[in-house]
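**Q** please work out how this folds:
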Amino acid sequence: MAVETFKMGPFVVPRIWTGLWQLSGNAWGSAPVPKIRQGMAKHVEAGYTAFADHYGSAEILFGQFRESLPNPEAVVGATKWCVFRPIEPTVGVVKAAVGERMQRMRTQRVDLLQFHWNDYEDKRYLTALERLKDLQDEGIIASVGLCNFDSIRADEICTQLGPDFIVTSQVQFSLIDTRPLDGMVHVCEKHDVKLLTYGTLCGGFLADRWLGQSEPDPYGSALTPSQRKYLDMIVKAWGDWELFQTLLQTLRTIGNRHHGRSIANIATRWILDHPFVGAVLVGVRLGLSEHADDNQRAFGFRLSKQDSQDIEDVLQRSNSRRMITTIGDCGAEYRQY
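**A** This next block holds a predicted model:
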């Protein structure tokens, strides 16, 4: 099945990316480095030629893998520069931060540098972005995106920095967390920015294996850190486990209409059917738990009006549309002062 793509700066990239955040520690499980590289190779062979994240050893392992390829330029790597404490974004400081990314990824140019700044009251994030724009002009960065900025700040940044500079915005977006539909969609349309979405499968909860299952123990050893995070969102912010089971059953029914596609396929397709979404980032435990073949079945079809209405009927019974006020706009959960 053909992999869907979109244009991102100078690149044409797939609409499903391989998320590497689960390489940040052993809490997700660990695999030997050769198996991780084999997993990366399997994804590239299947057409998943874009990888994202910087936690733990992700940049290093990705850089080593890409360097070993006969055509390394065919694979795109996205990383981040996250600022959580006050800094003075001088030319030297910004260049050093980007230089560290380049060194770890073994590259002379960062394909996509995603920028996160924690404190909105400290407006020096605009200065930092101006410095990143200068580095882009120098050819050190190919493209720049935002990570976990809200719609107000994203609009401000895109307006001040000018057209075509910010190409992506990475935010949480799923059938459980629909906050991007409240404001971010308008920013994306206004400035021609594409979303890179994470949490789209809620750590694996939006999958067939959870249909008909009892609510898991949030403190149980069987859950990954991601699953603990999204379980809390499902049963506290969004609704409850019983309604979640109704959602899973609805997705299973829709999947059956589309030649037996999985619940994960339908949950992914619902996101991809929004034109302001560039790609879904799927976290993968490389060498342990990979779903490259199944993920490919999220391509090649679209949800019907009946499919969308059936999903909307469930979402109307949840707190989905109220989470923008209970949690806040995109990224607010990371800024609890």
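**Q** who's in contact with the residue nearest to the spatial centre of the chain?
**A** Centroid-nearest residue in the chain, with Cα atoms, centre = their mean: residue 198, separated by 2.9 Å. Contacts for residue 198 (Cβ atoms under 8 Å, 6 or more residues apart in numbering) come out as 19, 170-173, 281, 283. Glycine gets a C-beta too; all of them are placed from N, C-alpha and C.
**Q** one more time with 10 Å, if that's ok
**A** Neighbour list for residue 198: 17, 19, 21, 52-53, 147-148, 170-174, 226, 280-283 [criterion: Cβ atoms under 10 Å, 6 or more residues apart in numbering].
**Q** ok, residue 315 - contacts?
**A** 175-176, 178, 238-239, 243, 247, 250, 321.
**Q** now do the strands in the stretch 1-150 of the chain.
**A** 5-8, 11-14, 16-19, 50-52, 76-83, 110-117, 141-147 (DSSP state E, counting those that start in this stretch).
**Q** before we move on, the earlier item: looking at the contacts of residue 315, which is nearest residue 268?
**A** residue 175 (9.9 Å; Cβ to Cβ).
**Q** which SS class is the closest one?
**A** Judged by DSSP: H, G, I helix; E, B strand; the rest coil, the three-state class of residue 175 is coil.
**Q** how much space separates residue 186 from residue 154?
**A** 10 Å (Cβ to Cβ, to the nearest Å).
**Q** with residue 296 instead?
**A** 31 Å.
**Q** ok so, going back, so which of residue 186 and residue 154 has more stuff around it?
**A** residue 154 (24 against 13; other Cβ atoms under 10 Å).
**Q** surely the more buried one is in contact with residue 187?
**A** Yes - with contact defined as Cβ atoms under 10 Å, residue 154 counts as touching residue 187 (4.9 Å).
**Q** between these two, what contacts are shared?
**A** With Cβ under 10 Å, 6+ apart as the test, residue 154 and residue 187 both reach 146, 166, 169, 193, 330.
**Q** give me phi/psi at the residue nearest to the centre of the chain?
**A** With angles defined as degrees, to the nearest 10, residue 198 sits at phi -120, psi 170.
**Q** that one bridge partners, please.
**A** residue 172 (DSSP bridges).
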